[in-house]
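>>> Take a look and give me a structure for this.
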Amino acid sequence: MDELQRSKVKAQLRQDVEDEFARRSAEHRARVNQTKARRRHREAHGLEVTPVPLDFLAIGDSWFDYPVNDLGVPWPNQDIVAQLQTIGNPSPIILSRAILGQAMTTVMGLPNQKQYVNDIADSTQWIVGKPDAMMRSSCRAVGTIWWGTNL
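Next comes the predicted model:
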């Protein structure tokens with residue numbers, strides 16, 4: 001593969017990642033808006049307000065973005081983000097910026113850091129104006145979670 005082909009492949013890969021991030025952002029925003037609308041409706045009609053789900057930002061690699069189904073055994077989706085979204089009452093809402101196979105140098109590289117800062121700064125994207133926590137994962141630093149209200 002020559003340099004031109006290699007650069008085209010890299011550009012296509014970056015575009016695919018950006019498209020995937022846009023899709024995930026739209027899905028996350030829809031869930032957040034739905035949750036906010038339900039709360040407003042319940043408050044406006046004097047109904048009991050339901051608990052607010054936790055709202056996380058997940059960044060990392062295959063630990064958080066493992067697309068293998070494993071034929072439904074022992075569960076249909078193997079990645080940690082998918083599993084976290086099935087527990088709790090209410091289940092947490094997670095904006096995942098994890099991409100299978102990305103090196104940690106890419107995950108924590110400047111373009112992605114800018115994306116994470118933009119995600120956190122966009123208060124309309126979160127139920128309470130900011131994520132409740134950030135989760136970071138890589139094969140070498142499994143399951144690091146940054147908690148805090150100062151995100």
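>>> Might one say that residue 130 is in contact with residue 119?
No - using CB atoms under 8 Å, residue 130 is not in contact with residue 119, being 9.8 Å away. Backbone N, C-alpha and C define where each C-beta goes, glycine included.
>>> how about residue 101, secondary structure?
Using DSSP: H, G, I helix; E, B strand; the rest coil, the three-state assignment for residue 101 comes out as coil.
>>> wait, doesn't residue 94 sit right on residue 56?
Yes - using CB under 8 Å, residue 94 is in contact with residue 56, at 4.6 Å.
>>> The two: which is more packed in?
residue 94 (25 against 21; other CB atoms under 10 Å).
>>> Surely the more buried one forms part of a helix?
No - going by three-state DSSP, the assignment for residue 94 is strand, not a helix.
>>> Spit out the contact partners of it.
Contacts for residue 94 (CB atoms under 8 Å, 6 or more residues apart in numbering) come out as 28, 55-58, 81, 84-85, 135.
>>> Excluding chain neighbours, what is closest to residue 131?
Nearest residue to residue 131, sequence neighbours excluded (CB to CB, 6 or more residues apart in numbering): residue 57, at 4.4 Å.
>>> Three-state assignment for the one you found, please.
Three-state call for residue 57 (three-state DSSP): strand.
>>> per-residue confidence for it?
For residue 57, the model assigns a pLDDT of 95.
>>> Same question for the one 4 residues further on.
We note a pLDDT of 81 for residue 61 in this prediction.
>>> What residues does it make contact with?
Counting by CB under 8 Å, 6+ apart, residue 61 makes contact with 98-104, 107, 137-139.
>>> Next: residue 31.
By CB under 8 Å, 6+ apart, the contact set of residue 31 is residue 93.
>>> what residue ranges in the chain score low on pLDDT?
Applying pLDDT under 70 to the chain flags residues 67-77, 139-151.
>>> Thanks a lot, see you next time.
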